[in-house]
Structures are given as structure tokens and as C-alpha cells.
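Chemist: this one's sequence-less:
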């Protein structure tokens, strides 16, 4: 019946409903699920598990690649299924539960989760649930639109449940490159020396004996919700293109640049979109997610190759991609997120990393995660992996939020995800500050004058002047350092 | 005259006084000097350059491996020689100038400085000044008690000045392993897969043509100023040994552990010293600095091999080591700091990293550098390289400073060098908090009850309770978050 999708006939016996498969789970288990920025997530088990949680109070630790689509995280959180969740999420309902202290959320660098599992710093995976387009003759799992942590989940899990998604074309087979680092202390170098290099196998080895269930699904990934470029994001893109052009003129980069990474979201997408109007060609990406902009650049020919861990597209672009996988096949690879984000590979290749900040301070410390310094937005994701090891670590943000009531440039970041050591360039729609080789006091002047919204510059200058009067490598007026955030909390505005 | 030290006779013509060599420098130049935590630093040129600065107002950017001995940084700072200084220092006079804003200090991860130079994110090295024990038949420089950034400084510099230190035994030759990563985009993997592996050459290639001067010196490294273990540091060591013993019992580590790293300073040294009374054997180190404790463990036989970038010892231990280099030769290697601290190698090997915190907050964010959140102590050093990529990232601190007037455990770190993502374990003399797999709210309870000084626990519990009432992933009462630091600044005590 599914002959070309389940190529080991004996495995057809394992086909069952999601409800039946959901009976294998017990409270206290740790579950690893596929899914990375909505791509390649399991479509059926999250719902079936949420139903069991509502009926019977089931509680699990859920580990994924990154965020899920299909409101899965919301449904599972709402049903009380999630005791613990890691390493990333982007769901409003789950976010509410996390910030209420009802779900314990462990926010991790995306390269590190399976390393932590592998060396038993985290409790082991009991069951892995993986979306697939096929199971091969060897019993290996062919993932769909993301790899995420799936390969290591399968390697480590006691039981494996496969969600075979008939809505995903078989043409995806061959896009993936599955490589998992060995255990220490005998681990060898990861042999990747270029974005287009394949170093592993095309499917996730598992062996038929460990596949406990196959659940048939037929539904699409949730579309990405990125906004089209607007005046501000186009201005940010313009500043970045101008900066990179300067780097080429100075001989520090060639017109092919170095492999690009762009974080998830509208601003990073707009920056990549802006490269369509750039003089650069022969570019490559070594990123964690490919958004619409990456495919626009592949279509324009300026991008010659893209390596990532997931493909997360708008509805139109998603359909186009799935219909025309063969057009892109020779220029795409999907890797485990441990490899797409691995410090070893990133520092070797020398990435140009473009990530989004919620806010940054006058010294260049970046908050990527905590609204008002306390409330989780999504998680640090891969931004730390890339920022720390990049050739150029660039953070972008609109200069203000909430119609100007919030300045993204503040005296002191109320939560720090990336320290000034890991931030080379910051940019807003007003301009770009090149912080390389500068001490904190030098950074402050540039960031205030180039990046802050003009409405906030005078107040930032005042703060910096008062802070310098007290001295220090990183001068602050400690009793006023977070006063902008306090003011916003009390008056819904950072304006004095 | 120096036949066994200068093995290319033609180079004897380049011998000159430090004062003569100092004439090659011009204001605005960038100078790379050997020296890492006082070991293998240049003894003569710093003084000669300071004299020129006093006489003629010479101003330089000075880059080293890490801190210098012989009061060199103080002398140079005092003379006004240093316009910019990177990536680390540990000198009281220079620290004062930095905090007054008179010297621009760029505080960097120690693995990154030469990478930034190599890809031209920093201005190029004009002159390299390197302490050596010999110059080989090929014109290669044999370093002394540290490698630091010397190999890359030599590779990149226009001119090279060698300080040939006759006080350093020729027996040091052969201890070093010089490997420099290639330029991107063609860089290959660093082939190190075990701490005792040699992958490079024994001396720094330069070629006789680029050696512009040889200055003869004869003086020792400054002794380290670490304090002997005391009650508190012994208690910290005891907690760490007990924790690692538990890891062995749980099967997550073998009795050989994994390669150890210990930061510079008295506490980390005491922790390693504590391993003398541990059940562990067959241990290795892959660290940046070897202190007295490493040699005690080599002597006891529990440590079978130590890889580092420098050897910084007390006066007695320094003499003993220099007299008996051959005893240690087969169990020691000194590497460039880019390699001793490289994310690629560290994540591959899986280090147990033990570093010192100035303070950490109830969520496990660590301040390693900024006293009171503003004033530079020494610099981040290699702590970030190791903490980010370790198998276990451990931070240690005494629970209080200044006779109890300062709590090292605070509601919010006033400066963040290491985010909670990079901190697995924290320990003080009171106990150890194992933070693996825990959400911030769970971390807070453990850190307060296990690590904070009892005199401060009630206040921390109050803060945490009030913060949780406001909600969030990382709850805070923002207007009170830094109040302990503010109170200390005003009343010289954090006590309410």
C-alpha cells in the first residue's frame, strides 16, 4: 500500500493510529520530536498526546529541534502535557505557561542539546517521534523539511515512532546529510570544510527492530509568518549591504563574501532579501534555517549553495519548493542542527552571522530572548552558536518598538544573551556601528549616534556622560541602569 | 658567542641593545608581544619602550598573549606608552588607567585575538617581540615558558624582534607544538584528538630575513602570586571532588575523568590541588595555564599529561621545573593559545572546565571581570572559550568578599560574561549547585540554598519570591535587581 514509502514490507505491520501510538507514553518520560522552526514537525502525535494529557493527566519532558508548527506547542501546553520543554519554542500559549512558571523551559544553544544528551548531562530520550517521507530498505528514516535533532534522538531513544507524511514529496529524499559526532574521548574532527560538502548518509539509520509504530499523516508544514520587508527593515538591509561592500573594497572579503547565516524572522529575512540588489555573487549559506529570501537568492543565481537544518517558507514558496525540489537539489543540503550550528565548523568556515536582537545596550551587549529582562519570547536558538564563532557577528533590530515607546538601544540590557565580546556590528534602520577592535567607551559613542532612535539619543548621551564620570571599563550609573525598563513597566513607555 | 642559542651565525649581527631595538617603533604602531600569565614575556623591550614614551611620548597598541610579569604593564601604562591594550592584563597600574578611560582596553576571548588579526578585523601587527631560548638553524624561534599568540604575531608581523633569554634553559626546546590554522575559506580541521597529540613543529618559523633585532636578556619570569589553599578554597575543592566522584559512580565519567582545564588564580589552583586527595587517576589536562597544582599532580602520577599555552609557577616550583625539564618532557606540551583554547578542539575533547567567578546571580549568570559591574579586574581570558564548549562548565567563587561585606551570589549579576546557557555547575565553600537541565526558577532555589553565604540567604529568598510574583522565565524585580551593588557603593556593604 505504501510500497515506495515503506520499503521494508515487514514494517507495514507497525502502522497504527496516532491514538494507539500515544499509548506507549508514560508520565515522566523524555520525548524527542522532530521539528525545527515549524518545518518537518510531527503532525499527529502532539494532538494525540495532548488528548491523553487532558483525559489522564499525562506529563512529559519534550525536546525538539526548535519550534513546532500546527499550534502543537500550544495544544500540548494547554492540555498540561508539558512538564519540561527544551531547547526552543515560539508559541504564544506555551510562552504564557513558561512565564507563569507552569512549564520549566530550558533555553539552550541549539548546537548543544544532543551533546548534552549524548554525554548524559540530560536524562535520556525514551521515545523519539520523527516525521519522515520514507523508510528505506535498510530501515533508515528519510526526514522531511528539517533534520533538527532527529538523528541523535533516533540514535539515543529506546523506541522510535515514525510519522510518515504522505503530503511531503519523495523528492525530498537525498537532500539530507546525516552525520553524528562520535562519543568522547575518541571523537574525530567533523570533516566539513565547505558548505556544499556531504559527509554523512542520506537517511537516519535506525534498524527495523527499533521502529515501534508508524503513523500515517498527510499535512503540510505551517507556513512561516514572516512579514514582507518594510521601510525600516529595508534600511537595515541597505546598511548591511553597504558595510559588506566596504569590506569587499578593503580586501577583507571577496564578492562571494563568506558563508552567510541569517536568524529566523522578518528582519533577518529582509536583510537577505536586500542582497538581491547587491553586487555580491557566488555567495553560499551555512545557516540553520532557510527562509523565503534564501530561495529568492538561489533563484537569482547569486546564491550558489545553501546548507541548513530546516526549510521554513511562506505558503506560496513552500508549495513551489515542494513541487520543484529537483530544481534545487544540487544546491541544497539539510544537516543535523548540531552540525549546522557546530562551533567547530562555524569557526573553520568563518561565517557572516546576522541575528536579531530584542535590545542591545550602549556597549553592545545583546538581549535576544527576554522581554523587559524577565519574560521569555522564544529562546536563544542558534544565535549564540553563530555569534561566538563567526567571522563577523552582526545583530540587527528596529531602533524602537511599540510605536516608539520602547527603545531597542538601552543603557544596560536587562538580560544578556550575547556579551560585547561576541558582537562585531549592530545595525538599526538609522545606521550601523562597526565595533571591531573598540573598547566599550568607544562602542558607546558609535552605538548611540549611529543606531539609537533620534528621540532617545539625548537621554543615552546623558546616561553615558554620567556613567563616565564614575569611571570604569564599562561605565554605568547602577541605580539608573535599568530605569528605562522600570519606567516602561510602570508607564508603558521608556520616554522620561 | 651564543653558538648554541643562535644557530645561524649571520644572525649574530642583529644583536643590539633593547634601547637600539626600541628605536624601530613609531607612534601608532600595533605591537604583538609574547607573554601569557607572566610566563615567557619579554623582559627588556617593555622597559626600553616605556623610557622612549617618557622621553618622546611614544604611543602604541599593545597585543599580548595574556598578562605580563615584571611590572611591565604597569611601567608601560605609567609612561603613557599604551594607547590600546588587548586582550588581557592583570596589573594594578594599568587597571587604574583602563578604568579611568585613559587606556582603551579590548577584553577578548583568548582564542580569538589572532583570528581577528588573521582576517583583518583588527589592524595588522607592525612589530612582534618574542622571548626565545634559541633561534634554530632554519631561523625558527624556540619560545620559552609560554607560546601565547607568538606564532601568529611572528607570521603576521612586518618585523620581528627576538629577546633571547639566557636565563631560560635550552632544555625547554622541544616542549612546544606550533600549529597555526590556515586562512579561510580553505582551512582544514585541526587534527588534535587527544591532549598529548603533537600536530605542529617545535619552533616558530620565521626565516632569518625578518628578524630585525636580537636583544640578549637573562632574567626569570615573575613568580605567580597565588595563595596557598585555605579553609574556603579547600571546601570548594572538596565539593568539586565529591561531585566528580558522583559522576564517576553514575557512569558519566571514568576515573580518568575528561581533560581538565583550570583558570588562573588561587581558587582554581586549590581545586586542582584538591585532586591530590581524590580517587581519580590517569587524568589529563587540556588547559591554557599550568600552575603549581598541575605539577603536583604530575609528580603524584595522577596526571599523565598536560597540554597548555603557558607555565606560571611559584618561585620554588619555577626553579624546580627549569632544573628538571627533562623529567616532565614526555608529559607536557605548550601550544598557541588559539589551539589550547580553540572551540573546535575543546568541544571535540569534552573538557571539565573550572573557572573563577567574581560573582554569579541566582540564575547562574556569571560576572568574571567587572568589579561592581563597571570596573575591570583582569579580563575574561579563556573562561568563555572553555565554559561555552566544555563537557562540564564549573564556576567557583568564595561566597563572600571583603569580610562578608560583598556577597558573590547576587540577585542579578551587574555585568555578564557567561550566560546561564554556559554554566553547568557553581560552587562556593558552602556547597555546589548542579544546574544541568534546570530552568532558571529551579536554578535559583539550588544556588541560594547550596552556594550563598547563610547571612545572605534570607535576602536572596525574599528577592526571588518577590520576583516570581511578577512572573517570567527569569523573574526579577528590576528596580531592585542591582540594589545590592548600589548599596555596596554607598555604604561599603551589601547587607541591608
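Modeler: Received, thanks. Everything numeric in this text was worked out from a predicted model, so none of it was measured.
Chemist: which strand residues bridge residue A:392?
Modeler: Using DSSP bridges, the bridge partners assigned to residue A:392 are residue A:352.
Chemist: per-residue pLDDT, it?
Modeler: Residue A:392 is assigned 98 on the pLDDT scale.
Chemist: ok, it touching residue A:423?
Modeler: No. Applying CB atoms under 8 Å, one finds residue A:392 not in contact with residue A:423, separated by 10.2 Å. No exception for glycine: its C-beta is placed from N, CA and C like everyone else's.
Chemist: any regions of the stretch 201-350 of chain A where pLDDT drops low?
Modeler: Within the stretch 201-350 of chain A, not a single segment meets pLDDT under 70.
Chemist: pull up the residues of it that are close to chain B.
Modeler: A:250, A:251, A:252, A:258, A:259, A:342, A:343, A:344, A:347, A:348, A:349, A:350 (CB under 8 Å from any CB of the partner chain).
Chemist: once you drop chain neighbours, what's closest to residue A:326?
Modeler: The spatially closest residue to residue A:326, leaving aside those adjacent along the chain, is residue A:171, at 6.0 Å (CB to CB, 6 or more residues apart in numbering or on different chains).
Chemist: how far away is residue A:204 from residue A:333?
Modeler: 15 Å (CB to CB, to the nearest Å).
Chemist: before we move on, what about residue A:67?
Modeler: 22 Å.
Chemist: quick one, domains of chain A?
Modeler: Using the TED database, the domain parsing of chain A gives A:9-217, A:231-491.
Chemist: next, format these as TSV and append mean neighbour count.
Modeler: Below are these laid out as TSV (neighbours: other CB atoms under 10 Å in any protein chain shown):
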stretch	mean neighbour count
domain A:9-217	21
domain A:231-491	22
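Chemist: the ones you listed into JSON lines, with extra columns for distance to residue B:9?
Modeler: Shown next, in JSON lines, are these (distance: least, CB to CB, whole Å):
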{"stretch": "domain A:9-217", "distance to residue B:9": "42"}
{"stretch": "domain A:231-491", "distance to residue B:9": "39"}
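Chemist: who's in contact with residue A:39?
Modeler: The contact partners of residue A:39, taken as CB atoms under 8 Å, 6 or more residues apart in numbering or on different chains, are A:69, A:144, A:145, A:146, A:221, A:289, A:310, A:311, A:312.
Chemist: circling back: is it true that the residue nearest to residue A:326 touches residue A:328?
Modeler: No. The pair residue A:171 / residue A:328 is not scored as a contact, 9.8 Å apart, by CB under 8 Å.
Chemist: end-to-end on stretch A:165-182?
Modeler: Terminal residues of stretch A:165-182 are spaced 30 Å apart (CA to CA, to the nearest Å).
Chemist: averaged pLDDT, that stretch. What do you get?
Modeler: For stretch A:165-182, mean pLDDT rounds to 97.
Chemist: now that stretch: how far from the chain's centre is it?
Modeler: The chain centroid and the centroid of stretch A:165-182 are separated by 19 Å under CA atoms, centre = their mean, to the nearest Å.
Chemist: repeat for stretch A:412-430
Modeler: Using CA atoms, centre = their mean, the offset of stretch A:412-430 from its chain centre is 18 Å.
Chemist: what residue is smack in the middle of chain A?
Modeler: residue A:381 (4.6 Å; CA atoms, centre = their mean).
Chemist: what's the distance between that one and residue B:281?
Modeler: 41 Å.
Chemist: please apply the same query to residue A:20.
Modeler: 52 Å.
Chemist: likewise for residue A:403?
Modeler: Residue A:403 is 65 Å from residue B:281, by CB to CB.
Chemist: elements contacting whatever helix or strand residue A:246 lives in?
Modeler: Residue A:246 belongs to helix A:231-249 when assigned by DSSP states H and E. Applying 3 or more CB pairs under 8 Å, 6 or more residues apart in numbering or on different chains; DSSP states H and E, one finds that helix A:231-249 contacts helix A:266-274, strand A:392-396, strand A:425-428, strand A:431-434.
Chemist: hey, what's the angle from that helix to helix A:266-274? Just curious.
Modeler: Put simply, helix A:231-249 runs at 50 degrees to helix A:266-274, going by axes from the mean of the first three to the mean of the last three CA atoms, to 10 degrees.
Chemist: which elements pack onto the helix or strand that helix A:231-249 is followed by?
Modeler: For helix A:231-249, the succeeding helix or strand toward the C-terminus, using DSSP H and E, is strand A:260-262. Helices and strands touching strand A:260-262, by 3+ CB pairs under 8 Å, 6+ apart, are helix A:266-274, strand A:283-286, strand A:352-356.
Chemist: and for strand A:260-262, what's in contact with it?
Modeler: Here strand A:260-262 has contacts from A:268-269, A:271-272, A:283-289, A:291, A:293-294, A:351-355, A:382, A:386, A:390, using CB under 8 Å, 6+ apart.
Chemist: pretty sure residue A:259 sits against residue A:196.
Modeler: No. With contact defined as CB under 8 Å, residue A:259 does not reach residue A:196; the gap is 9.8 Å.
Chemist: so what sits against both of the two?
Modeler: The contact sets of residue A:259 and residue A:196 overlap at A:284, A:307 (CB under 8 Å, 6+ apart).
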